[in-house]
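In: I would like the atomic coordinates for the input below:
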Amino acid sequence: MENVAHSARLLKWYDVHARPLPWRVAPNSNRRADPYHVWLSEIMLQQTVVKTVIPYFETFLQNWPTVHDLADCALEDVLKRWAGLGYYARARNLHACARMVVERYGGVFPTSEKELLALPGIGPYTAAAIRAIAFDQPASVVDGNVERVVARLYALKKPLRDIKVLIRQKAARLTPAKRPGDYAQAMMDLGATVCTPKSPACDRCPVRENCAARQQGCAAALPVRAPKKAKPLRTGTAFLVVRDDGAVLLRQRPAKGLLAKMLEVPATPWCRKPEDGDCFGAPVEASAPVETNWQCVPGFVTHSFTHFDLRLEVRTGRVGQEQPLLHQAFPERCRWVPRRRLAGEALPGVMRKIISYGLGEPL
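Out: Take a look at the predicted model:
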């Protein structure tokens, strides 16, 4: 494959078919993309599709137009705006990174790979994307879309997990010295809109003449993915408490661990053995945040995390405004939130499911 011809064809296609995205500048433009916009969008796009990210990106810019603004705000405000986007460690790293960029670099993103990699939440992919798109450096940007395109271009038929290094090497050789930012985005767009996981549109591909998988008739079968392992199941009970004035009891999760510092509905620990009648040797009732007449809502709330699936029973209870919290509720981390304000709180998706399920209405 002639690398120069490949990049030329792809860039010519991108000049016409580039997706108009709010963090981009026009292809082949004399302007460079704002590093803050590139960084913010790339963090949000990790394991999340473009359609989902766009409204979050626009909301963040409305609230924090610059990295200085983001660094100056409270983490709780970032978590509130991030709620529903998932993978919440990204939000915590985003805030920490903004502060470091301001404190260490005066609000100007560094251009070197070494300095970028030293920032919270920035790995090799994000560092390469910032260097290429924001600073026009010939960095090779390899995300899931690019992995798929390269695997098909070279008809790489081993499982993806076994050829990631090879794909990065081949992708680096394809990256041109001129317009590397446009090229990186062109490869992403090609994978997202033409060289799709299922039913790739090979007849519309600008580099189809160089694609070994197309020539061999196996494009749709690549890259080869190893069978997914079954996720372990964890179970628990959530206690949705509603006060007489309509406020709902929420609790801040610990500072470290899954969903750190997010708000939650008080619950038992999430057990690994669903056949057990209790969690870690304690009965379910031992985790209740208040004394009340608990009602069990029929059915379960289910949610899938990266490494396990969760199934929760939901119990609801009503209390008066003077009802004390029990010691096991960790009262110092609890607060009552008016129902009208719930939608704007830093509640992860699973907690929104619990509240909607328990209240019988969408949040």
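
In: Helices of the stretch 101-250 of the chain, start to end?
Out: Here the stretch 101-250 of the chain has its helices, by DSSP state H, counting those that start in this stretch, at 113-117, 124-129, 135, 144-153, 160-174, 180-193, 212-216.

In: does C296 count as helix, strand or coil?
Out: Of the three states, C296 takes strand under DSSP: H, G, I helix; E, B strand; the rest coil.

In: Any figure for the gap between it and T237?
Out: 9 Å (C-beta to C-beta, to the nearest Å). (Each C-beta comes from the backbone N, C-alpha and C, glycine too.)

In: Give me the more crowded residue out of these two.
Out: T237 (21 against 10; other C-beta atoms under 10 Å).

In: Give me the pLDDT value at the more buried one.
Out: Looking at T237, its pLDDT stands at 95.

In: and it, what is it in contact with?
Out: Residues in contact with T237 (C-beta atoms under 8 Å, 6 or more residues apart in numbering) are 267-268, 284, 287, 312-315.

In: any chance of the helices of the stretch 101-250 of the chain in CSV, with distance to H6 and mean pLDDT too?
Out: Compiled in CSV, the helices of the stretch 101-250 of the chain are given as follows (distance: least, C-beta to C-beta, whole Å; pLDDT from 0 to 100):
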stretch, distance to H6, mean pLDDT
helix 113-117, 24, 98
helix 124-129, 18, 97
helix 135, 23, 97
helix 144-153, 8, 97
helix 160-174, 6, 96
helix 180-193, 10, 97
helix 212-216, 12, 97
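
In: Just put those in CSV and tack on mean neighbour count and distance to A346.
Out: Putting those into CSV (neighbours: other C-beta atoms under 10 Å; distance: least, C-beta to C-beta, whole Å) gives the following:
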stretch, mean neighbour count, distance to A346
helix 113-117, 15, 28
helix 124-129, 22, 23
helix 135, 19, 33
helix 144-153, 23, 28
helix 160-174, 15, 34
helix 180-193, 23, 30
helix 212-216, 17, 44
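
In: any idea where the strands of this protein begin and end?
Out: For the chain, the strands defined by DSSP state E cover 233-243, 248-252, 263-264, 278-279, 282-283, 295-304, 309-319, 334-337.

In: And those: which comes nearest V224?
Out: Distances from V224 to each of the strands of the chain were compared by C-beta to C-beta, and the smallest falls on strand 295-304, at 23.8 Å.

In: Report the distance from that closest one to the chain centre.
Out: In terms of C-alpha atoms, centre = their mean, to the nearest Å, the centre of strand 295-304 is set 25 Å apart from its chain centre.

In: thinking again about what came up before, overlap in contacts of C296 and T237?
Out: Overlap of the contact sets of C296 and T237 (by C-beta under 8 Å, 6+ apart) consists of 313-315.

In: Highest neighbour count among those residues?
Out: Once you tally neighbours by other C-beta under 10 Å, V314 ends up highest among the shared contacts of C296 and T237, having 23 neighbours.

In: bridging residues for it?
Out: A238, V297 (DSSP bridges).

In: Which single one of the shared contacts of C296 and T237 is nearest to P22?
Out: Comparing every one of these with P22 (C-beta to C-beta), the shortest separation belongs to V314, at 37.8 Å.

In: Go ahead and confirm that closest one touches G358.
Out: Yes: V314 lies in contact with G358 (C-beta atoms under 8 Å); the separation is 4.9 Å.

In: joint contacts of these two?
Out: 238, 240, 297.

In: Could you report the separation of R315 from K80?
Out: Distance of R315 to K80, given as C-beta to C-beta: 26 Å.

In: Same check on R173?
Out: 44 Å.
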